[in-house]
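Colleague: need the 3D shape of this:
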Amino acid sequence: MMIRGRDTDGGPRPVDGPRSLSADVALALGLLVFGYFGTIAAADNYPGATWPDAPAFILIAVAALALSVRRRWPLVTLALSTVATSAYLVANYPYGPILVSFFVAVYTVARHLPIRRAVLGCAAALAALLVHVFVSLHEPVGLPGLLPGSAWVVVPFAVGVTVRNNREAAARDRIAQARRLADDERLRIAQEVHDVVGHGLAAINMQAEIALHLLAKRPEQAETALTAISRTSRQALDELRVTLSIVRRDAAVERAPVPGLDQVAALAARLRQTGLAVTLEVTGERRALPVVVDLAAYRVVQESLTNVLRHAGAATATVRIGYLPDGVTVEVLDTGHGGAGAAAPGDGHGLTGMRERVDALGGVLEVGPRPGGGFRVFAWLPSGQAG
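Modeller: You can find the predicted model right below:
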């Protein structure tokens, strides 16, 4: 695990977690052992080089062991590795594993530090490394050594920057995906709450208007309307609690089953108390449906009847539910004024949410005026392997 801190100059600084520190120490010790034996082997291939002695192995140890804190102090690690490697090369010791330690130090700076600081640090390291091209205890290499010497900085720097950019891009993609999922979940919750609260408030509003109209002349009938308001509000609250409990996946607080087509009859009865004449027709053999299909079908009926209640004026409504071998159909017809029973398709959150529900399940939704007046909402939803 690596936690981002702050450098004294305000830049981000990698802070080691236990695993990262252990991995870096293991890498440093591995390169130390490799440096010892690899340098002896390399000396046989460079007869003109100085035979590695105690100072050579001290420089190899400094360059390797500096990597044990490479993620905590990248620039310090690079500085120690650069000084040790440059001194090693100036002393004309044979090319060997010490350059691998330097390679890792450059990569670490490019991988973990902001690009500007990484460029400055690696440029200084490159200048120090190339000193041996012109200054050496043996005959200097000269200009032909610039290109191969520069490669020990340019290559690890390019690799480090590429790895960092790829990981940052992947992190941004994960964050964007998480945001999309969160947005989708918020929209789903908003749609559920809209369906529950919108229907309840529409029914309560209708009953309240009836109560106000009857209060002065026939108070006993107003009391009936107020009782219906109390019952409707309580049912809406219970259904809202169920919806929120499903969102929280906390079954312990559920007070009622998830709404489904078996509750359409109760829904129609409540709306009749508001003065909307609702007729329910069911065809086909009733059977259990997948929960998401059952809930979506119920919401289509609920939203359609709510729109009739809100917009159709003095109207009647017919709800037809058909159980088919491959799915279920729901149809809501009203006798409102020329399609006033619902807004045009796509208008408002209700019809938009209705269409999204049906589309998500691979169903079909048809919304539009009826010939001769009124409005029609028809939905077919596939039932899958319902039992």
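Colleague: neighbours of residue 153, just the number please.
Modeller: Residues near residue 153, counting by other Cβ atoms under 10 Å, number 23. Where you see a C-beta, it was placed from the backbone N, CA and C, and this is true even at glycine.
Colleague: check what pLDDT it gets.
Modeller: pLDDT recorded at residue 153 is 88.
Colleague: go on, residue 359?
Modeller: 87.
Colleague: which ones are touching it?
Modeller: residue 365 (Cβ atoms under 8 Å, 6 or more residues apart in numbering).
Colleague: so which elements touch the helix or strand encompassing residue 204?
Modeller: According to DSSP states H and E, residue 204 maps onto helix 146-215. When contacts are defined as 3 or more Cβ pairs under 8 Å, 6 or more residues apart in numbering; DSSP states H and E, helix 146-215 sits against helix 98-112, helix 115-129, helix 131-134, helix 219-248, helix 291-311, helix 348-360.
Colleague: so the second one versus helix 146-215, what angle?
Modeller: Okay, so that is helix 115-129. Here helix 115-129 runs at an angle of 170 degrees relative to helix 146-215 (axes from the mean of the first three to the mean of the last three Cα atoms, to 10 degrees).
Colleague: report the buried residues of stretch 80-96.
Modeller: 80-94, 96 (16 or more other Cβ atoms under 10 Å).
Colleague: point me to the residue sitting closest to the centre of this protein.
Modeller: With distances taken as Cα atoms, centre = their mean, residue 178 lies nearest the centre of the chain, 0.9 Å away.
Colleague: any idea of the pLDDT on that one?
Modeller: Among the per-residue scores, residue 178 holds a pLDDT of 78.
Colleague: for residue 186, see how far away it is.
Modeller: Using Cβ to Cβ, to the nearest Å, residue 178 is found at 12 Å from residue 186.
Colleague: same check on residue 380?
Modeller: Distance from residue 380 to residue 186, counting by Cβ to Cβ: 28 Å.
Colleague: so for these two, which residue has more residues nearby?
Modeller: Neighbours per residue (other Cβ under 10 Å) separate residue 380 from residue 186, with residue 380 holding more: 20 against 10.
Colleague: could you pull up phi and psi at the more buried one?
Modeller: Backbone torsions of residue 380, given as degrees, to the nearest 10, read phi -120, psi 130.
Colleague: quickly list what it is bridged to.
Modeller: Beta bridges link residue 380 to residue 329, residue 364 when assigned by DSSP bridges.
Colleague: hmm, it is touching residue 364, no?
Modeller: Yes: using Cβ atoms under 8 Å, residue 380 is in contact with residue 364, at 4.6 Å.
Colleague: mean confidence for stretch 96-103?
Modeller: For stretch 96-103, the mean pLDDT works out to 90.
Colleague: so which elements touch the host helix or strand of residue 58?
Modeller: Per DSSP H and E, residue 58 falls inside helix 54-65. Using 3+ Cβ pairs under 8 Å, 6+ apart, the elements in contact with helix 54-65 are helix 18-43, helix 74-90, helix 98-112.
Colleague: deepest of those helices, which one?
Modeller: Mean neighbour count (mean count of other Cβ atoms under 10 Å) peaks for helix 98-112 among the helices and strands packed on helix 54-65, with a mean of 24.
Colleague: off-centre distance for that one?
Modeller: Relative to its parent chain, helix 98-112 has a centroid offset of 34 Å by Cα atoms, centre = their mean, to the nearest Å.
Colleague: show residues contacting the helix holding residue 58.
Modeller: For helix 54-65, contacts defined as Cβ under 8 Å, 6+ apart pick out 28-29, 31-32, 35-36, 39, 50, 80-81, 83-85, 87-88, 91, 93, 96-98, 101-102, 105.
Colleague: and with 7 Å instead?
Modeller: Counting contacts by Cβ atoms under 7 Å, 6 or more residues apart in numbering, the residues outside helix 54-65 that touch it are 28, 31-32, 35-36, 39, 80-81, 84-85, 87-88, 93, 98, 101-102.
Colleague: how about stretch 84-102?
Modeller: 31, 34-35, 38-39, 42-43, 46, 49-50, 52, 56, 59-60, 62-64, 67, 81-82, 128-129, 131-132, 135-138, 152.
Colleague: wait, residue 296 sits on residue 381?
Modeller: Yes: under the criterion of Cβ atoms under 7 Å, residue 296 makes contact with residue 381 at 6.0 Å.
Colleague: got any residues that touch both of the two?
Modeller: Common neighbours of residue 296 and residue 381 (Cβ under 7 Å, 6+ apart) are 358, 361.
Colleague: about what we covered before: show me which pair in the contacts of helix 54-65 is furthest apart.
Modeller: The largest distance within the contacts of helix 54-65, taken as Cβ to Cβ, falls between 28 and 93 and amounts to 19.9 Å.
Colleague: gap between residue 30 and residue 163?
Modeller: For residue 30, the distance to residue 163 - Cβ to Cβ - is 20 Å.
Colleague: ok, back up a step: quick one, the helix holding residue 204 and helix 98-112 angle?
Modeller: Going by the same axes, to 10 degrees, helix 146-215 is angled at 20 degrees with respect to helix 98-112.
Colleague: what angle separates helix 146-215 from helix 291-311?
Modeller: Using the same axes, to 10 degrees, helix 146-215 lies at 50 degrees relative to helix 291-311.
Colleague: show me how far helix 146-215 is from its chain's centre.
Modeller: Relative to its chain's centre, helix 146-215 lies at 6 Å (Cα atoms, centre = their mean).
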